[in-house]
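**Q** Need a 3D model of the sequence below.
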Amino acid sequence: MKNAIARRYAQAFFRLVRQEDLTAAQDGLHALSQALKDSAAFKHVLASPVFTLDEKLQVLTALCERTNCPPIMGRFCEQLLKKNRIAFLPEIAEAFKALMIRQSGKQQVVVVSARPVDDSMKQDILAQLGATTKGEVDVDFQSDPYLLAGVQIKIGSKVYDGTVRGRLHKMRAQLVKG
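**A** Here you go, the predicted structure:
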C-alpha cells in the first residue's frame, strides 16, 4: 500500500518537474529522505502535532533551499504535508529514481549481499548483468548481514535469491508443508 502511494506521488512529481530540473529534483528528494531517516529532530518536527503546518513548511522550505532543490520541490512538499504523506518521502525518492532510470533506458538492478562487495567483484557483476539483461543497467549494491551468505538480485519485479537465508526459508516451507 505504502509503495503504491509513493509511486503515484513520484509519477505526479515526475510529470510536474521540468526536464532540465529532473536531476536536481532527484538529488533533492534523496537529500530530504536521507534527512528524514537520519535526523530524529527533523522527523519529530514533521510528525508532531505541536508544530503548525506553516512551521513544518518553513523547515522543509529551508532544507530545500540548502540542498539546491528546484522551486517546485517546496510546493510538492507542501502537498505531502497537507495530505499527511511526508513520511513516505524515502519511498517517493526511490520511486522517482526508478522513473529517472527507466527514462534513461537503463534497467534498475539491486544487488544485496551478506557482506559489502569489493570493486573487482562489482565489475564482474556489472558485466554479467549487462550481458543477461542485454542492455545498460543501473546497479545499486547493498549489504544485509541477515542474508548470512550469498547474493540476492532484484531486476525490476523479479527477485533471484541465492542466499543462505533464502534457502533456509524454502527448506522451512517444505518441512512445514510435508
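
**Q** out of everything not next to it in sequence, what's closest to S143?
**A** P116 (4.8 Å; Cβ to Cβ, 6 or more residues apart in numbering). Using the backbone N, CA and C atoms, a C-beta is placed for each residue, glycine as well.

**Q** So the one you found belongs to a strand, correct?
**A** No: checked against DSSP: H, G, I helix; E, B strand; the rest coil, P116 lies outside a strand; its state is coil.

**Q** Now do the same for stretch 96-106: mean pLDDT, whole number.
**A** Averaged across stretch 96-106, pLDDT comes to 81.

**Q** chain center to it, what's the gap?
**A** Distance of stretch 96-106 from its chain centroid, counting by Cα atoms, centre = their mean, to the nearest Å, is 12 Å.

**Q** likewise stretch 154-169?
**A** On Cα atoms, centre = their mean, the centre of stretch 154-169 falls 19 Å from that of its chain.

**Q** With stretch 122-139 instead?
**A** 20 Å.

**Q** how many other residues sit next to the residue nearest to S143?
**A** By the criterion of other Cβ atoms under 10 Å, P116 has 10 neighbours.

**Q** cool, R66 as well?
**A** Quick note: R66 (other Cβ under 10 Å) scores 10 neighbours.

**Q** how much space between it and G28?
**A** 10 Å (Cβ to Cβ, to the nearest Å).

**Q** same thing with K37?
**A** On the measure of Cβ to Cβ, K37 and G28 end up 15 Å apart.

**Q** If you count surrounding residues, which of those two has more?
**A** G28 (25 against 12).

**Q** The more buried one falls within a strand, correct?
**A** No: counting by three-state DSSP, G28 is not part of a strand but helix.
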